[in-house]
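In: can't give you the sequence, but here's the structure:
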């Protein structure tokens with residue numbers, strides 16, 4: 001499956017203007033498309049109960065960084081959708097974090113004011129070697145997601161539909177362990193499905209997919 005962009009309003013409403021990722025609304029639509037693709041009508045979607053917008057945050061993303069922030073532009077709005085999700089346990093590279101993502105910084109007004117700060121990765125939990133979710137729903141599948149940073153805002157949502165969800169960033173993994181092999185991981189972590197959840201450029205042989213086929 002893929003996320004279609006058929007009109008200019010799709011870009012305006014679902015993606016950041018100054019950053020190369022989808023925004024909170026776009027990522028939520030991507031989540032719905034992914035679950036529909038994987039689960040059909042078996043599962044109901046989670047619906048947001050609230051949308052938090054951080055008006056005080058000056059979000060200048062990668063497009064602005066490429067010019068050294070030399071062009072006067074209006075910063076993007078930074079928002080996060082809030083959900084009531086089932087309980088789960090999460091580990092990042094085998095360790096339990098104090099907080100998944102860093103929403104508390106934004107709620108308390110302690111977020112970085114540094115020009116060009118990467119709020120996308122900080123707020124939504126950046127990609128790591130391995131992020132593992134366990135909902136304890138043993139009747140559901142265990143799924144391995146080979147994923148890039150497009151999954152950052154919606155990993156919790158996706159994982160809530162499954163028993164164990166493993167999100168591996170192959171590029172980050174290979175920076176830490178050049179001998180990593182997916183088949184070795186599967187020997188220790190049996191899964192029912194493997195899902196490639198990548199942006200188009202990372203699906204190309206010279207993108208992140210190179211670490212899987214290599």
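Out: The structure has been received and is ready for your questions. No experiment lies behind these values; they were computed from the predicted model shown.

In: Contacts made by the longest helix seen in the chain with the rest, please.
Out: What stands out as the longest helix in the chain, according to DSSP state H, is helix 24-39. Identification of contacts with helix 24-39 by C-beta atoms under 8 Å, 6 or more residues apart in numbering yields 1, 3, 13-15, 21-22, 43, 45, 48, 51, 79-81, 143, 150, 152-154, 157-158, 161, 193, 195, 197. C-beta: built from backbone N, CA, C; applies to glycine.

In: Buried ones only from these, please, as a ChimeraX command.
Out: Buried residues within the contacts of helix 24-39, by 16 or more other C-beta atoms under 10 Å, are selected in ChimeraX with:
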select :3,14,15,21,22,79,80,81,143,150,152,153,154,157,158,161,195,197
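
In: how much space is there between the residue nearest to residue 56 when sequence neighbours are not counted and residue 54?
Out: What sits nearest to residue 56 in space, not counting adjacent residues and going by C-beta to C-beta, 6 or more residues apart in numbering, is residue 109, at 7.3 Å. Using C-beta to C-beta, to the nearest Å, residue 109 is found at 9 Å from residue 54.

In: And those two? Which one has more around it.
Out: residue 54 (19 against 8; other C-beta atoms under 10 Å).

In: I figured the more buried one hits residue 106, correct?
Out: Yes - the pair residue 54 / residue 106 is scored as a contact, 5.2 Å apart, by C-beta atoms under 8 Å.

In: Please enumerate the shared neighbours of these two.
Out: residue 80.

In: Residue 206 - how many residues pack around it?
Out: Count around residue 206 with other C-beta under 10 Å applied: 8.

In: wait, is it part of a helix?
Out: No - counting by DSSP: H, G, I helix; E, B strand; the rest coil, residue 206 is not part of a helix but coil.

In: For it, report the pLDDT, please.
Out: Looking at residue 206, its pLDDT reads 81.

In: Okay, it and residue 171: tell me how far apart.
Out: 12 Å.

In: Excluding chain neighbours, what is closest to residue 4?
Out: Spatial nearest neighbour of residue 4, excluding adjacent residues (C-beta to C-beta, 6+ apart): residue 10 at 7.4 Å.

In: helix/strand/coil for that neighbour?
Out: helix.

In: which residues in this protein form strands?
Out: 50-53, 79-82, 89-92, 130-134, 142-147, 164-168, 193-197 (DSSP state E).

In: Can you tell me which of those strands is packed in deepest?
Out: strand 164-168 (a mean of 24; mean count of other C-beta atoms under 10 Å).

In: What pairs with it, parallel or antiparallel?
Out: The strands beside strand 164-168 in its sheet (DSSP bridges) come out as strand 130-134 (antiparallel), strand 142-147 (parallel).
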